[in-house]
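Participant: Based on what follows, work out the 3D shape:
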Amino acid sequence: MAGPRCTVALTTGITMSYIEVGPQDGPAVVLIHGLTDNVRSWSTTMDSLNAINPALHIMAVDLRGHGQSSMPDPASCATAPEACFRPADFAADIVAFLQAKGIDKAALAGHSLGSFIVQEVALTNPAMVSHAILDATAASGVGNVALADYVLKEPIEGSWRKALEAKGKTYPADFYDLTPLDADPEVASWLSVNWVVDPAADPAFLVPYLPETASVKLGTWIGATKALLAQDNTERLKDLTVPTLVIWGTQDSIFLASDQDAIMAALTVAAERHGQPIYWKQYGVLPLPASGVQESDIGHNVQWAAFEGVATDINAFITDGAPTNDLVRSDAAPAVSTLIVEPGKAVVEKLGG
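Facilitator: This next block holds a predicted model:
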């Protein structure tokens with residue numbers, strides 16, 4: 001993770017970094033991370049999936065403006081970053097990546113922002129997607145409280161903006177190539193409490209994330225957050241024609257239970273219209289507590305904590321057409337990062353029948 005990655009120049013103008021494992025001629029699987037993440041987000045799942053099924057050609061990519069991939073051109077993006085970080089822009093990069101790799105069709109697994117990118121590719125280029133795996137997803141980002149109030153309003157347009165404007169910077173153009181560290185040299189403290197945090201994950205897994213996340217350019221933070229807040233796929237998803245698996249953790253504090261009701265309703269229509277298999281699977285058992293933050297069970301970053309279970313379900317869905325019925329949940333507090341697998345006890349719903 002710390003070393004240089006493979007790179008490929010895309011027709012979209014982005015130089016994309018990625019890692020891969022498995023035979024080049026094996027069934028392709030592309031793992032797509034979330035907002036401000038990088039290939040590390042899927043690294044443990046990738047290892048587990050490779051161990052389960054070595055025949056798969058598995059790739060994890062750094063999205064534009066993330067990890068070791070390049071930023072979009074500031075000349076056309078700095079004054080309105082959201083115009084260059086839409087799900088459609090990210091999806092164009094994924095399509096170009098597949099084309100550059102000579103891959104006609106792949107299973108795409110996306111987490112959070114990455115799940116919206118998978119939705120976009122599956123809706124606009126369904127012939128290129130064998131399976132869509134949506135991890136911590138929703139049908140719409142419009143009005144999302146976590147993104148609007150706890151990312152964009154504060155700290156991006158709150159304390160970070162105030163600090164940089166005090167230094168003579170103009171928002172957002174002058175922020176584009178700066179990082180959170182330029183706004184707050186002690187930003188790691190905020191990240192460790194509010195962003196790079198998951199009580200169900202191995203604490204050692206999170207340690208390298210702090211400096212990596214602190215170095216993500218503000219153009220990415222601003223652009224991707226604003227673009228996701230403007231994205232509504234509720235009606236479009238009713239015409240999804242790709243076999244799809246949704247994975248959700250019960251203590252997801254970003255895409256809530258109500259978001260699951262909405263996406264399940266849309267995907268039920270899709271399954272009934274087009275006849276493809278669509279499944280929704282729950283990880284964890286305890287609901288989001290009154291605090292509104294993950295405390296005692298699997299939450300938003302399902303693959304950070306339950307990477308073996310997620311890898312098993314991805315492989316089962318790709319090879320057998322359905323996820324397993326095994327429940328993965330946290331042990332009782334304080335052993336939240338100790339996960340328990342209970343065969344046959346998961347909540348799994350096949351939508352549309």
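Participant: in the stretch 101-250 of the chain, which spans are helices?
Facilitator: For the stretch 101-250 of the chain, applying DSSP state H, counting those that start in this stretch gives helices covering 113-124, 145-147, 161-165, 180-183, 187-194, 203-206, 209-214, 218-229.
Participant: Can you lay out those as JSON lines showing distance to Ala270, mean neighbour count and mean pLDDT?
Facilitator: Just so you know, the C-beta spots here come from the backbone N, C-alpha and C atoms, and that holds for glycine as well. Output for those, formatted as JSON lines (distance: least, Cβ to Cβ, whole Å; neighbours: other Cβ atoms under 10 Å; pLDDT from 0 to 100):
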{"stretch": "helix 113-124", "distance to Ala270": "10", "mean neighbour count": "25", "mean pLDDT": "98"}
{"stretch": "helix 145-147", "distance to Ala270": "25", "mean neighbour count": "17", "mean pLDDT": "97"}
{"stretch": "helix 161-165", "distance to Ala270": "40", "mean neighbour count": "16", "mean pLDDT": "98"}
{"stretch": "helix 180-183", "distance to Ala270": "38", "mean neighbour count": "20", "mean pLDDT": "98"}
{"stretch": "helix 187-194", "distance to Ala270": "35", "mean neighbour count": "15", "mean pLDDT": "94"}
{"stretch": "helix 203-206", "distance to Ala270": "34", "mean neighbour count": "13", "mean pLDDT": "94"}
{"stretch": "helix 209-214", "distance to Ala270": "34", "mean neighbour count": "19", "mean pLDDT": "95"}
{"stretch": "helix 218-229", "distance to Ala270": "21", "mean neighbour count": "24", "mean pLDDT": "98"}
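Participant: Of the ones you listed, which is nearest Gly13?
Facilitator: helix 218-229 (14.6 Å; Cβ to Cβ).
Participant: So what touches that closest one?
Facilitator: Residues outside helix 218-229 that contact it (Cβ atoms under 8 Å, 6 or more residues apart in numbering) are 35-36, 64-66, 71-72, 74, 77-78, 81-87, 89, 113, 116, 141-144, 147-148, 151-152, 156, 160, 172, 175-180, 182-183.
Participant: and the spatially most central residue of the chain, how far is that from Thr179?
Facilitator: By Cα atoms, centre = their mean, the mean C-alpha position of the chain lies nearest to His111, the distance being 2.2 Å. Distance from His111 to Thr179, counting by Cβ to Cβ, to the nearest Å: 22 Å.
Participant: Check Arg40 too.
Facilitator: Taking Cβ to Cβ, one finds Arg40 at 17 Å from Thr179.
Participant: Looking only at neighbour counts, state which of those two leads.
Facilitator: When Arg40 and Thr179 are compared for neighbours, Arg40 comes out ahead with 22 against 19, by other Cβ atoms under 10 Å.
Participant: What residues does the more buried one make contact with?
Facilitator: 1, 33, 67, 208-209, 212.
Participant: from the residues you listed, which two are the most distant?
Facilitator: The most widely separated members of the contacts of Arg40, counting by Cβ to Cβ, are His33 and Pro208 (13.9 Å).
Participant: between these two, who's got more neighbours?
Facilitator: Taking other Cβ under 10 Å, His33 and Pro208 do not tie; His33 has more neighbours (25 against 14).
Participant: Excluding covalently adjacent residues, which one is nearest to the more buried one?
Facilitator: Excluding its sequence neighbours, the residue lying closest to His33 (Cβ to Cβ, 6 or more residues apart in numbering) is Ser41, at 4.0 Å.
Participant: Give the helix, strand or coil label for that neighbour.
Facilitator: Three-state call for Ser41 (DSSP: H, G, I helix; E, B strand; the rest coil): helix.
Participant: so it sits right up against Ile32, yeah?
Facilitator: No - using Cβ atoms under 8 Å, Ser41 is not in contact with Ile32; the gap is 9.1 Å.
Participant: Next, the angle helix 113-124 makes with the longest helix belonging to the chain.
Facilitator: Looking across the chain with DSSP state H, the single longest helix is helix 257-274. Relative orientation of helix 257-274 versus helix 113-124 (axes from the mean of the first three to the mean of the last three Cα atoms, to 10 degrees): 20 degrees.
Participant: pLDDT of the helix or strand just after helix 257-274, averaged?
Facilitator: Using DSSP states H and E, the helix or strand that follows helix 257-274 in sequence is strand 278-283. The average pLDDT within strand 278-283 is 98.
Participant: Next secondary structure after strand 278-283?
Facilitator: Assigned by DSSP H and E, the successor of strand 278-283 is helix 302-305.
Participant: Could you list every helix and strand in contact with the helix or strand that that following helix is followed by?
Facilitator: Once helix 302-305 ends, the next helix or strand along the chain (criterion: DSSP H and E) is helix 307-320. Counting contacts by 3 or more Cβ pairs under 8 Å, 6 or more residues apart in numbering; DSSP states H and E, helix 307-320 is packed against helix 40-52, strand 106-111, strand 129-135, strand 244-249, strand 278-283.
Participant: Which one of the ones you listed lies nearest to Val196?
Facilitator: Closest approach to Val196 among the helices and strands packed on helix 307-320 (Cβ to Cβ): helix 40-52, 10.7 Å.
Participant: Looks like Gly141 contacts Gln231 (just checking).
Facilitator: Yes - the criterion here is Cβ under 8 Å, and Gly141 meets it with Gln231 at 4.8 Å.
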